[in-house]
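[1] build me a structure from this.
(chains A, B, C and D)
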Protein chains: 2
Amino acid sequence: MTGQVISFPREAPDVVNETSSTLKAFGVLEVLVRMGRPVTLSELMLATELPKPSLHRTLALFEEAGLLSREPDGRAYTLGQRLSRFGLDILRNDAAAAERRIILRRVVAEIGESCNLAVMHRGDLIYLDRIEADWPLRLQLPVGGASLRPHCCASGKLLLAHRGVAERDRLLSKMALERFTDRTITDQQVLQSELDRILQNGYAVDNEEYVIGVACVAVPVADSRGEVVAALAVQGATARLPLMRAIEFVPRLREAAAQISSTLG
Amino acid sequence: MTGQVISFPREAPDVVNETSSTLKAFGVLEVLVRMGRPVTLSELMLATELPKPSLHRTLALFEEAGLLSREPDGRAYTLGQRLSRFGLDILRNDAAAAERRIILRRVVAEIGESCNLAVMHRGDLIYLDRIEADWPLRLQLPVGGASLRPHCCASGKLLLAHRGVAERDRLLSKMALERFTDRTITDQQVLQSELDRILQNGYAVDNEEYVIGVACVAVPVADSRGEVVAALAVQGATARLPLMRAIEFVPRLREAAAQISSTLG
DNA sequence: CGAGTTGTTCCGCTCAGCGAGACATAAAAC
DNA sequence: GTTTTATGTCTCGCTGAGCGGAACAACTCG
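    Okay, here's the model as predicted:
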C-alpha cells in the first residue's frame, strides 16, 4: 500500500549528518545494525560517508565498550553482547507507549483516517505517535525528533489556546507567524481570536493552513489534574476528508482522548 | 592519558563512569531503558551520578534526535520511536539472531512446515524471523517492516496472555478487535477466556482467524529472566496442516523455544 | 616485486562537551 | 499570602575529546 506521499516543508533526515559527536556515533551504530551482517570498515565508509580515521576511532570505542565485536577474521564488525542486551531491554520497555498506540489504532480503525498524538515543548509541536490509515495518499510527518510550528496546525493551535493567558501571550509575541499556504494565519489578532474560539468550541481545526489539501481536527487530552497536556488529532486529504466530515469525528476523538488521559499519571 | 590525577582508585563497576562523552551518553540511554518506565531528570541523576547540567544536555540532545521523547507531563523521559526501532533492528541482526535462525531452520526441516519468531512491539506483533517450508502454497507475510494485530494470530494472543494481568486488562479493553475472517475473535469476553485458556494450555492456536485457510500454533519463548518476550509459531495451509496436526508439533516447538531462550540475554 | 586496497596510528587544531553556579518554576510547608 | 524545598533550565569560560589529513602498516593480487 505505498502510494503518493504528500511531503512536507522541512528538511529530510539524512543518514549520518548530525553535528554532535555522540549522535554521529549513534548514527554509525544504527547504520551498522541495519545492514544486518558483519560489516568492514570500508563498507561503513561508503554507507556513512564519514572519514576513515573518525570511523575507525568510533568503532574502536564501541568495540572497547563491548557494544560491538569483531568477526574471528579480525576485520568485520558485528553487534556485541552489550548491544544485544540493550535491544532486549528496549523491547521490554514499551508498555507505556503500547497502550497509547493501541488507543490510537482503534480510533484509526473505526474512523478510517490517520490520527496522531502531539505535545508542545518549548513552543514547538512534537508528535509522540501517529497511526496512518490505510490509504494510498499519505502524509509524511516527523514523529519524535523534529518539530512543527504550532500556529498553523490544529494540534498546535489547540495547545496554545489551552495555555494560561499570560504564557500564551508570551509565546505568541515571540512567534514568527510564518506563511505556509494562503490560508495560514499570519496575523496576531486573527490568531488570538482563533484561539479564543477554540477554547469555546473545545476543538481546533486546520483547514489547509499548513499543507494545501490537508485538513485536520484536534481535541484536548488532559492529565489527571485536568491540565491539557496533549492533543489528539485526525488528519487527512481534503479530497477524501473535507473539514466538515472531519468535525463529525470530534465525539469519537473526545472518547479516545479520555482514554489516553487515564493513562497519564 | 594525562591529567585527571584524582581518579577513583579502583572504583566499583558503577553504571556510568566511561571517559568518552559518547559512551557516557550511551550509558545514560542504557540506564534509562533499564528502568523500564518514564524517568525524570532527578531520578536519572541518582541512577547515574552525573552532574545535572551534563545530564540535561545529553537528554535534550537525544530528545532532539528523536531517540527519546517526553511524557505529556513534560517532565519524564521515555523511549522515542527511533530508539524503539533501533531495539527491534538489534534483535533482528545481532549475533544471536543467526543462532536463532539456525534453530528455526532445523525445526522447519524436521516438521516440514513454515515457522516464525515474533515479538510484541508497541502493541503490534512483529516478526523477528521467519523460515518458509518448501511447499508450493506459500503465505506472503510482512517479514520485517509491517506488523500484525495481535488479537487474531496465535503468537499475538500468546504474547498478550503472558503479560501481567493488570496490563493485559488495560490493553485488552482498549484494543480494536478488527474482524478479518468469520472466525476472528471480536468480543472482549471471548478473547479474555481465550487468553486464560492459552495460559493453561501453554500454547495458543489460530484457527483461520486471520486468513481463511491458514492455521497456526504458537508456544512461548522466555528470556534469561524467565519473562516471555517472544513467540515461536508454526503456520500452514489447513489443506495440508489441519489444526490437529499442527498441535502435534507443540512438543517439538517447545524444545526449540527452550533453545532460543538461551540466546536471549 | 610493485601497484592497489584496506586497516591502523600520528598529531596539532579547534570546538563540543563540560559542569559550577545562577536562574526559573512549581509544589510543599509554614 | 510568604518561605522553603525540590526540580528543571540556562549561562559561560575552560579545556581536553573529537577531528581528519596525512603518513604508515599490512595484506592482497597480478
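[2] for residue A:219, what are phi and psi?
    Backbone dihedrals for residue A:219, given as degrees, to the nearest 10, come out at phi -120, psi 160.
[3] equivalent analysis for the one 4 residues further on, please.
    Backbone geometry at residue A:223, expressed as degrees, to the nearest 10, gives phi -90, psi -170.
[4] once you drop chain neighbours, what's closest to it?
    residue A:264 (4.5 Å; CB to CB, 6 or more residues apart in numbering or on different chains). Placement of C-beta: from N, CA and C, glycine included.
[5] what residues are up against that neighbour?
    A:221, A:223-224, A:229, B:71-73 (CB atoms under 8 Å, 6 or more residues apart in numbering or on different chains).
[6] kindly report the same for residue A:249.
    A:111, A:113, A:217, A:234.
[7] tell me how far the first one lies from DNA strand D.
    It stands for residue A:111. 34 Å (CB to the nearest atom of the strand, to the nearest Å).
[8] quick one: contacts of the longest helix seen in chain A?
    The longest helix of chain A (DSSP state H) is helix A:95-111. The contact list for helix A:95-111, computed with CB under 8 Å, 6+ apart, reads A:114-117, A:128-133, A:232, A:234, A:249, A:252-253, A:256, A:259-260, A:263, B:36-38, B:71, B:78-79, B:84, B:120, B:122-124, B:167, B:170-171, B:174-176, B:178.
[9] run the chain-centre distance for the helix or strand following it.
    Using DSSP states H and E, the helix or strand that follows helix A:95-111 in sequence is strand A:114-121. Strand A:114-121 has its average C-alpha position 7 Å from the chain's average C-alpha position, going by CA atoms, centre = their mean, to the nearest Å.
[10] quick one: the helix or strand just after strand A:114-121 to strand A:114-121, angle?
    Per DSSP H and E, strand A:114-121 leads on to strand A:124-131 as the next helix or strand towards the C-terminus. Counting by axes from the mean of the first three to the mean of the last three CA atoms, to 10 degrees, strand A:124-131 points 150 degrees away from the direction of strand A:114-121.
[11] what's around the residue of the stretch 101-250 of chain A found nearest DNA strand D, how many residues?
    Per CB to the nearest atom of the strand, residue A:122 is where the stretch 101-250 of chain A lies closest to DNA strand D, at 6.0 Å. Neighbours of residue A:122 under the rule other CB atoms under 10 Å in any protein chain shown: 9.
[12] read off the pLDDT value for it.
    Listed pLDDT for residue A:122 reads 81.
[13] so how far is residue A:130 from it?
    Here residue A:122 is placed at a distance of 20 Å from residue A:130 (CB to CB, to the nearest Å).
[14] quick one, what contacts the residue lying closest to residue A:229 once chain neighbours are set aside?
    Once flanking residues are discounted, residue A:229 sits nearest to residue B:72: 4.1 Å by CB to CB, 6+ apart. Residue B:72 makes contact with A:119, A:128, A:221, A:223, A:229-230, A:264 under the criterion CB under 8 Å, 6+ apart.
[15] out of the contacts of residue A:264, which end up buried?
    A:221, A:223, A:229, B:71-73 (16 or more other CB atoms under 10 Å in any protein chain shown).
[16] residue B:92: which of those residues is nearest?
    residue B:71 (27.9 Å; CB to CB).
[17] thought that closest one was touching residue B:37?
    No - assessed by CB atoms under 8 Å, residue B:71 is found out of contact with residue B:37, at 9.8 Å.
[18] so where is the stretch 51-200 of chain A shaky, pLDDT-wise?
    Within the stretch 51-200 of chain A, the ranges that satisfy pLDDT under 70 run A:142, A:145-146.
[19] what ranges do the helices span in it?
    A:52-64, A:81-92, A:95-111, A:154-161, A:165-174, A:188-201 (DSSP state H, counting those that start in this stretch).
[20] could I get those as TSV with mean neighbour count and distance to residue B:182?
    What follows is the helices of the stretch 51-200 of chain A, written out as TSV (neighbours: other CB atoms under 10 Å in any protein chain shown; distance: least, CB to CB, whole Å):
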stretch	mean neighbour count	distance to residue B:182
helix A:52-64	16	52
helix A:81-92	22	33
helix A:95-111	21	18
helix A:154-161	27	39
helix A:165-174	12	53
helix A:188-201	14	42
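[21] up against DNA strand D, what does the stretch 101-250 of chain A have?
    Contact residues, the stretch 101-250 of chain A versus DNA strand D (CB under 7 Å from any atom of the strand): residue A:122.
[22] follow-up on the earlier one: out of the contacts of residue A:249, who's near DNA strand C?
    Of those, not one also sits near DNA strand C (CB under 7 Å from any atom of the strand).
[23] out of those residues, what pair is the most spread apart?
    A:111 and A:217 (10.6 Å).
[24] distance of the residue of chain A most remote from its centre relative to residue A:46?
    For chain A, the largest distance from the centre (CA atoms, centre = their mean) belongs to residue A:73, which lies 41.5 Å off. Using CB to CB, residue A:73 is found at 19 Å from residue A:46.
[25] residue A:190 now?
    Distance from residue A:190 to residue A:46, by CB to CB: 51 Å.
[26] so residue A:229 is in which element?
    strand A:228-237.
[27] if you average pLDDT over whichever helix or strand comes after that strand, what comes out?
    Once the chain leaves strand A:228-237, the next helix or strand it forms, by DSSP H and E, is helix A:243-247. Averaged over helix A:243-247, pLDDT sits at 91.
[28] now check stretch A:202-221, is it near chain B?
    Yes - shown here: stretch A:202-221 in contact with chain B (CB under 8 Å from any CB of the partner chain) through residue A:221.
[29] just the CA coordinates for that stretch, please, in PDB.
    C-alpha atoms of stretch A:202-221 as PDB (Å, rounded to 0.1, in the frame of the first residue of the first chain):
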ATOM      1  CA  GLY A 202     -13.400  22.600  22.700                       C
ATOM      2  CA  TYR A 203     -11.700  21.600  19.500                       C
ATOM      3  CA  ALA A 204      -9.400  23.100  16.800                       C
ATOM      4  CA  VAL A 205      -9.300  22.800  13.100                       C
ATOM      5  CA  ASP A 206      -6.700  23.300  10.400                       C
ATOM      6  CA  ASN A 207      -8.200  24.000   7.100                       C
ATOM      7  CA  GLU A 208      -5.300  23.600   4.700                       C
ATOM      8  CA  GLU A 209      -3.300  26.100   6.700                       C
ATOM      9  CA  TYR A 210      -0.100  24.200   6.700                       C
ATOM     10  CA  VAL A 211      -0.300  22.000   3.600                       C
ATOM     11  CA  ILE A 212      -2.700  22.500   0.700                       C
ATOM     12  CA  GLY A 213      -5.100  19.600   0.500                       C
ATOM     13  CA  VAL A 214      -4.800  18.500   4.100                       C
ATOM     14  CA  ALA A 215      -7.300  19.200   6.800                       C
ATOM     15  CA  CYS A 216      -7.100  18.400  10.500                       C
ATOM     16  CA  VAL A 217      -9.200  18.400  13.700                       C
ATOM     17  CA  ALA A 218      -7.800  18.200  17.200                       C
ATOM     18  CA  VAL A 219      -9.200  17.700  20.600                       C
ATOM     19  CA  PRO A 220      -7.500  18.200  24.000                       C
ATOM     20  CA  VAL A 221      -6.100  15.500  26.200                       C
END
